[in-house]
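Engineer: sequence isn't available, so here's the structure alone:
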């Protein structure tokens, strides 16, 4: 709770600073009036899947004849797109991101093998504001935050070595995502006018809602899931990440 409160206070402070204007009157600005932009690229995240990985550990620890242990999920990746506007000292942005992780294990059963797959897909929408804190030559640094919401979709499936074709994954459960993100944005203008450029955006996302992994535990551990206390299968999906994007100013 204290970490989420601190994140909320940081986000509010960024909003207040952005509302005051440029945030640094002695910094030159490229855009004298509000301009619109779009950006797109790829992102990488390191999620805190402590409870999810406990379910994966249950899979590995309750099968003595595994041909391949199921690796934990420690990272996710996917594309990012956004639209927004920028003016003298601020940047307002609306974004959409996808993050996907996959893992699988192989169990040896009476002369054949069974492959168990897990897919975790995050569909994330953001709305944020940033204020410019530094600018030199073609580099501009922004600091700010986003209100973040969306869905985490868990899917799983199994395929036996005797099957004629690979079985598709089945939907297991959907968790709601809601929280705040604190981020920095480093922009580099490729042209003098700043209409084209590249950017890097490291961020931390703090989740307010707990995600439930009991249904996934039941799906991949059908013989042992009753030994696990369901209240221990809730967890917050906080994450660190970074986006690399190209931006175009209209």
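Structural biologist: Structure received. Since the model is a prediction, treat every value here as computed from it, not as a measurement. Numbers count the residues shown, from 1 in each chain.
Engineer: alpha carbons only for contacts and neighbour counts from here, please
Structural biologist: OK.
Engineer: and residue 222, how close does it get to residue 181?
Structural biologist: 36 Å (C-alpha to C-alpha, to the nearest Å).
Engineer: for this structure, give me the ranges with low pLDDT.
Structural biologist: 1-33 (pLDDT under 70).
Engineer: tell me which stretches of it form helices.
Structural biologist: 2-19, 50-61, 214-220 (DSSP state H).
Engineer: and the second one, what does it pack onto?
Structural biologist: The one in question is helix 50-61. In terms of contacts (3 or more C-alpha pairs under 8 Å, 6 or more residues apart in numbering; DSSP states H and E), helix 50-61 is packed against helix 214-220, strand 234-235.
Engineer: now with 6 Å, please.
Structural biologist: Here helix 50-61 touches no other helix or strand, going by 3 or more C-alpha pairs under 6 Å, 6 or more residues apart in numbering; DSSP states H and E.
Engineer: how many neighbours does the closest residue in space to residue 151 that isn't next to it in sequence have?
Structural biologist: Leaving aside its sequence neighbours, residue 151 sits nearest to residue 176 (C-alpha to C-alpha, 6 or more residues apart in numbering; 4.7 Å). For residue 176, the neighbour count with other C-alpha atoms under 10 Å is 18.
Engineer: got it, and residue 226?
Structural biologist: Neighbours of residue 226 (other C-alpha under 10 Å): 12.
Engineer: could you list which residues are in contact with it?
Structural biologist: If you count contacts by C-alpha atoms under 6 Å, 6 or more residues apart in numbering, residue 226 has none.
Engineer: and residue 155, by the same measure?
Structural biologist: 118-119, 169-172.
Engineer: may I have the beta-bridge partners of it?
Structural biologist: residue 119, residue 171 (DSSP bridges).
Engineer: now it: how far from residue 170?
Structural biologist: 5 Å.
Engineer: got it, and residue 195?
Structural biologist: In this view, residue 195 and residue 170 are 44 Å apart by C-alpha to C-alpha.
Engineer: residue 101 too?
Structural biologist: 15 Å.
Engineer: re the thing from before, now list the buried members of the contacts of residue 155.
Structural biologist: 118-119, 169, 172 (16 or more other C-alpha atoms under 10 Å).
Engineer: for residue 186, state which of the contacts of residue 155 is nearest.
Structural biologist: residue 119 (31.8 Å; C-alpha to C-alpha).
Engineer: ok, the closest one - contacts?
Structural biologist: Residue 119 neighbours (C-alpha under 6 Å, 6+ apart): 101-102, 154-155.
Engineer: just the strands in the protein please.
Structural biologist: Ranges of strands in the chain, per DSSP state E, are 35-47, 66-68, 76-86, 90-109, 112-136, 139-160, 170-189, 196-207, 211-212, 234-235, 239-249.
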